[in-house]
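Participant: Attaching a predicted model along with its sequence, questions to come.
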Amino acid sequence: MAGAAGAGGEGLYIDEIFNATVFHGNGNSDRAITTGLDMSGEGGLILSKRRTAVKNWFSTSTDSAANILLKPNTTDAQAQYNEIYKSFTSTGFTIGNDNAINSDGQDYKTYSWRKAPGFFDCVVYTGNSTNRSIAHSLGSTPGMVWVKAKDSNLGWFVWHKGVGNATDNQYDYQVRLDNATSQVSGLSSIWHQNPTSTHFSVGTNGACNGDTLTYVAYLFADTVEEFGKDGDASVAKMGVYTGAGDSNTSAQSIDLGWTPQLVMIKNITDNNNYSDWVVFDSQSQQSMSTHDVGNRSYWNKLSDDDAEVSTKKLGFYNNGFHIHKYLERFVNTANKKFIYYAVRKVDGVVGKPLDDGRNAFHVTGGTGGSGWPDKPYFHNQRSWNTPANYGWPVASAWVKKITSGVQDWYNSGRSLATYGFTGINTDDNVESISTFSFDFKDGFGQNGNWNSDYHGFMWREHKGFSEQVYFGTGSSQAVKHYLGVKPEIIFTKQIDQDSRDWICYHKNMSTSQYGLVNEKVNSVVSSDASCFGSGDPFTDTTFTVNTSNHTNESGKMYWCQLWASVPGMSKCGTFTGSSSTFDLSLGFQPRFMWVKNITDNEKGWMIFNTVGGWFYNGVYNDYEGNKVLSINDNGDYSTPAAYASGGHNYPVCWPISTGVRFSGSEQYYGNLNSNGKTFLYYAHV
């Protein structure tokens with residue numbers, strides 16, 4: 001079992017050891033599900049559920065053949081199912097055509113844990129009805145243990161660090177995975193002792209140690225700091241909290257120290273229908289919007305076979321998960337104890353570095369439904385993906401209609417899910433936009449109108465880009481981010497209130513400055529530290545917001561997007577206009593660039609991209625490679641006048657192998673190359 005390096009060296013990355021994915025069934029047997037996890041070589045656990053119907057959960061693990069399954073929501077013994085899981089592979093697993101996993105036209109979710117020290121382990125043992133300690137390879141003290149008798153109709157028994165008094169006698173308590181019951185005490189015959197970094201203990205009770213029975217134990221690590229680029233970050237956490245109440249003022253946030261992608265929660269006080277294990281994940285969509293229209297949280301009961309439910313339960317914010325202020329008895333009943341298990345999302349700290357910029361950013365036209373529902377309306381699967389059927393999950397998306405008149409930009413991200421903004425170019429709050437739909441592994445969107453008349457701009461979470469929600473305090477604060485490097489650009493916007501602008505800071509602005517993204521008024525508002533403070537707001541781990549209601553109003557939530565330069569992939573910077581031909585060196589040939597004049601007023605945010613028409617084919621009078629959009633405007637593509645020189649017409653700018661070539665003269669109403677003016681830019685391969 002390959003392990004993490006630990007502090008002082010590169011560790012394993014979260015996307016090498018955990019995956020949550022959703023997919024649409026196609027009814028084909030031997031279908032490959034690519035998770036990026038080496039299940040055949042390293043081993044692990046797979047847990048799956050049909051989202052759209054009352055169907056059991058199914059699990060398999062590499063201690064047996066892939067077709068030998070358990071049902072975590074039942075007490076059933078293991079059984080053979082030949083058309084659910086078929087094999088483990090070095091990049092995931094294959095499935096059959098059973099309607100529990102791959103019925104044509106149905107939706108599914110699956111979670112995979114790879115065995116790795118400090119994260120997850122799987123142990124099989126034979127019971128002997130005596131108190132005993134069993135060795136494991138987790139390399140740390142587990143925060144949670146699941147045990148199931150494989151060859152008997154006994155239940156799933158769970159040890160969790162948060163049960164009991166959550167200090168020293170947890171071994172005297174147990175909870176169940178397969179039913180909605182509270183914690184039960186006086187059962188030291190099940191666990192015998194608390195687990196250690198080398199062993200877990202079982203007693204004489206047949207639930208975990210019946211004579212001659214075969215058991216499987218799944219062990220989950222807690223807050224082990226040995227993952228990511230520096231081998232010093234944690235990727236999983238267990239804990240306990242007390243419910244805040246059932247009224248509309250009972251919202252609360254659980255601080256994990258990072259943004260999760262998976263959260264499991266159980267009420268351990270009550271013994272009723274609200275004591276199920278409930279499961280939330282970012283691929284199925286959880287929204288931080290508190291907008292009162294529509295549902296925004298998609299979840300399942302792990303202790304039940306119910307179909308996926310959509311309600312207003314919780315969302316994932318920059319430091320953890322936030323329970324919305326509604327009647328959420330499964331996760332927030334007043335004065336009740338809840339235990340949880342959380343797994344960190346892929347981010348710039350613990351995510352595997354990308355080696356191809358095309359897998360970090362993509363622009364494409366809408367499909368108009370071609371391939372739907374197997375494919376989203378904006379799809380990032382392309383021929384360079386390996387294997388060819390694997391795209392990447394979108395963290396943030398912009399959509400713009402590019403023909404036939406005006407329409408505002410659409411803008412949303414995974415933290416907002418089915419909510420979004422109907423204009424980067426307006427100060428409107430979020431709206432319910434269910435058609436954004438981020439529950440795909442290779443794109444986003446399910447709007448029937450999003451055809452080739454629309455362009456979608458997609459960013460992936462990595463050290464060059466991050467999206468998150470944070471809470472305003474009204475006082476200057478350092479907000480945590482997880483790029484893993486110092487940000488260079490931020491766009492931020494209050495979520496649930498109109499008349500709050502999109503605010504930008506770029507590393508090359510002077511301190512105490514900020515820009516308005518949604519307007520063409522003063523290009524930069526100077527000598528005003530209210531948005532980001534008076535110094536450099538960016539560090540490797542935080543960004544500062546000051547007292548302005550636009551960035552930090554007390555009790556309000558803000559959605560922000562962060563960008564940073566990645567050599568050979570993306571670059572943020574400035575250049576000084578010259579009104580003459582020059583080359584902007586980037587170190588790569590870009591597919592996308594925005595440019596902003598910050599010296600003059602009334603200048604827009606200009607966007608060029610190769611899909612929209614940004615090129616130069618060497619024909620002097622062909623300047624149709626000059627299609628441009630403006631972030632702060634609702635118009636479609638426009639074509640700047642060509643630069644005339646020596647009797648020839650040239651584009652105003654175009655991508656070259658090392659960057660961007662700007663032709664001469666003051667271009668496009670001073671928006672691109674005015675002599676002596678300062679221009680911000682962001683470019684991506």
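Facilitator: Thanks, I have the structure now.

Participant: quick one: Gly448 and Ser370 touch, right?
Facilitator: No: applying CB atoms under 8 Å as the test, Gly448 and Ser370 come out as separate, 11.4 Å apart. For glycine as for every other residue, the C-beta is placed from the backbone atoms N, C-alpha and C.

Participant: Any regions of the stretch 351-500 of the chain where pLDDT drops low?
Facilitator: 382-390, 422-423 (pLDDT under 70).

Participant: Recalculate using a threshold of 50.
Facilitator: When residues are selected by pLDDT under 50, those of the stretch 351-500 of the chain lie in 384-389.

Participant: can I assume Gln183 is in contact with Tyr173?
Facilitator: Yes: if you go by CB under 8 Å, Gln183 and Tyr173 touch, sitting 4.9 Å apart.

Participant: shared neighbours of those two, anything?
Facilitator: Common contacts of Gln183 and Tyr173 (CB atoms under 8 Å, 6 or more residues apart in numbering): Val163, Gly164.

Participant: Could you pull out the strands in the stretch 101-250 of the chain for me?
Facilitator: For the stretch 101-250 of the chain, the strands defined by DSSP state E, counting those that start in this stretch occupy 107-114, 120-126, 132-135, 142-149, 156-160, 173-176, 184-185, 199-202, 214-221, 236-242.

Participant: Of those, give the one that comes closest to His379.
Facilitator: strand 107-114 (16.8 Å; CB to CB).

Participant: Which neighbouring elements make contact with the closest one?
Facilitator: Applying 3 or more CB pairs under 8 Å, 6 or more residues apart in numbering; DSSP states H and E, we find strand 107-114 packed against helix 14-17, strand 18-24, helix 39-42, strand 44-50.

Participant: Just name the most buried of the ones you listed.
Facilitator: The highest mean neighbour count among those, using mean count of other CB atoms under 10 Å, belongs to strand 44-50: a mean of 25.

Participant: if I look at His451, how far off is Thr35?
Facilitator: Slight slip there: residue 451 is Asn, not His. Asn451 is 31 Å from Thr35, where distance means CB to CB, to the nearest Å.

Participant: what about these two, which has more around it?
Facilitator: Thr35 (24 against 16; other CB atoms under 10 Å).

Participant: Do I have it right that the more buried one meets Tyr111?
Facilitator: No: in this structure, Thr35 is not within contact of Tyr111 by CB under 8 Å, at 9.4 Å.

Participant: can you list contacts of stretch 128-138?
Facilitator: For stretch 128-138, the external contacting residues (CB under 8 Å, 6+ apart) are 1, 115, 117-121, 123, 125, 142, 192-193, 195, 197-204, 206, 209-212, 217, 219, 221.

Participant: Hmm, Tyr218 is touching Phe120, no?
Facilitator: Yes: using CB under 8 Å, Tyr218 makes contact with Phe120 at a distance of 7.3 Å.

Participant: Quick check: neighbours shared by those two?
Facilitator: Leu45, Trp113.

Participant: So what's the residue count around the residue lying closest to Arg344 once chain neighbours are set aside?
Facilitator: Sequence neighbours aside, Val235 is the residue nearest to Arg344 in space, at 4.4 Å (criterion: CB to CB, 6 or more residues apart in numbering). Per other CB under 10 Å, the neighbour tally for Val235 reads 31.

Participant: Repeat that for Phe157.
Facilitator: There are 25 residues near Phe157, going by other CB under 10 Å.

Participant: can I assume Phe330 sits in a helix?
Facilitator: Yes: using DSSP: H, G, I helix; E, B strand; the rest coil, the assignment for Phe330 is a helix.
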